[in-house]
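A.B. asks: any chance you could fold what I've pasted below:
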Amino acid sequence: MIEFQGNRYERLKDVLDQIPADNEREVRIDLKGQVLYEQAVIDKPHVILCNGTIRYDLDAYEILSDGYKRGTFRTYSVFIDSDHVSFIDMNVYNDAGYENGQAIALMIDGDDFYARNCRISSYQDTLFLAPLPEEEYEKRGFVGPLQDRERKHREAIFEHCLIEGSVDFIFGGGMGYFHDCEILSRNIHKEVNGYVCAPNTPENEDYGFIFDRCDFTSEQGMKDSVYLARPWRDYGKCMIVDSRIGDHIFRQGYHDWNKPLAHERSRFIEYNNTDTDPIGRVDWMKQVSQEDLNYIDSLRRRKDERDL
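C.D. replies: This is a model prediction of the structure:
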């Protein structure tokens, strides 16, 4: 086991540099309560990072030396750039604030990511699960480490985590399974206070974001002001089951982001939730199937295996 100690290493990078690129053994890095101010890249496999905080404060609007805005995908505080990475009892913050636009706290482009008892916090675009959409809407919209990469299937599990933000604060094309997590919407004091999810699930993928036994909560003064999801691309998918949905969520539940085709192609599902007023959801919300419920059972078993 490798342990981070403040008197030995100034940066997380100094620890990671000691791990082989083709590492196949489990490596545990214990931050021992340290708070790191660092834009961190986890680029080694089979790393377990625990008991610490990483925070940074880059925002999308900053003009860089090339004369262009930083853009969304260069704002991350932590970038997971390898497979089989786990976070246990970690906090990841992007402290840029809402007024500075998109500001990713955690960006994941690795398969088999696992997080337990973590807090992931920003405002707009808090948590990104790769892959990106195939094409960008705006020129230079994908500038950053992911823009030229192959769009691969990625899966991540979050258990007993707090994820907080405002606009599209869980987004991307990966499969994210959230079990017993708190999904907290932050108040930006607007008529529409935000959107929890913005999936761009690939057309050939059956599942995008899955919330199982989660609590959808909010800061004060947010009744009827937040949508559960909107499709970043037409085939966005989101399923919420056995969860508690607060009164900050609009009765309609979902917004189409002005994508008429998404009414047919997207797949937004709710099942057996505790909701203050579940009546009035959009008529293009889909019905749960037995196959969906069986898939959730399989994810629960996978999660339990990770717990062991």
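A.B. asks: how many other residues sit next to F209?
C.D. replies: Neighbourhood size, F209 [other CB atoms under 10 Å]: 27. All C-beta spots, glycine's among them, are computed from the backbone N, C-alpha and C.
A.B. asks: next one: it from F87, what distance?
C.D. replies: Look at F209 and F87: by CB to CB, to the nearest Å, they are 18 Å apart.
A.B. asks: count the residues that sit near F268.
C.D. replies: Neighbour count for F268, taken as other CB under 10 Å: 26.
A.B. asks: please report how far it lies from T53.
C.D. replies: Distance of F268 to T53, given as CB to CB: 34 Å.
A.B. asks: mind listing the strands for the stretch 201-308 of the chain?
C.D. replies: 209-212, 215-218, 226-229, 237-241, 244-245, 267-271, 274-275 (DSSP state E, counting those that start in this stretch).
A.B. asks: possible to save those strands as TSV with mean pLDDT and distance to F128?
C.D. replies: What follows is the strands of the stretch 201-308 of the chain, written out as TSV (pLDDT from 0 to 100; distance: least, CB to CB, whole Å):
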stretch	mean pLDDT	distance to F128
strand 209-212	98	12
strand 215-218	98	20
strand 226-229	98	15
strand 237-241	98	15
strand 244-245	97	23
strand 267-271	97	19
strand 274-275	85	27
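A.B. asks: you'd agree G144 is up against F79?
C.D. replies: No - using CB atoms under 8 Å as the test, G144 is too far from F79 to be in contact (9.0 Å).
A.B. asks: who has more neighbours out of those two?
C.D. replies: Between G144 and F79, F79 has the larger neighbour count (other CB under 10 Å), namely 23 against 19.
A.B. asks: run through the neighbouring helices and strands of the helix or strand hosting the more buried one.
C.D. replies: Following DSSP states H and E, one finds F79 within strand 78-80. In this structure, strand 78-80 makes packing contacts with strand 40-42, strand 106-108, judged by 3 or more CB pairs under 8 Å, 6 or more residues apart in numbering; DSSP states H and E.
A.B. asks: for the first one, the averaged confidence score.
C.D. replies: To tie it back to what came earlier, the one meant is strand 40-42. Average pLDDT, strand 40-42: 98.
A.B. asks: again, but for stretch 187-201
C.D. replies: Stretch 187-201 carries an average pLDDT of 97.
A.B. asks: give the buried residues for that stretch.
C.D. replies: Across stretch 187-201, burial judged by 16 or more other CB atoms under 10 Å covers N187, I188, N193, G194, Y195, V196, C197, A198, P199, N200, T201.
A.B. asks: return the subset of those residues lying in strands.
C.D. replies: Taking DSSP state E, the ones among those that sit in strands are G194, Y195, V196, C197, A198, P199.
A.B. asks: hmm, back to that, distance to D111 added to the buried residues of stretch 187-201, as TSV?
C.D. replies: Shown next, in TSV, are the buried residues of stretch 187-201 (distance: CB to CB, whole Å):
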residue	distance to D111
N187	35
I188	33
N193	33
G194	29
Y195	26
V196	24
C197	20
A198	21
P199	18
N200	17
T201	16
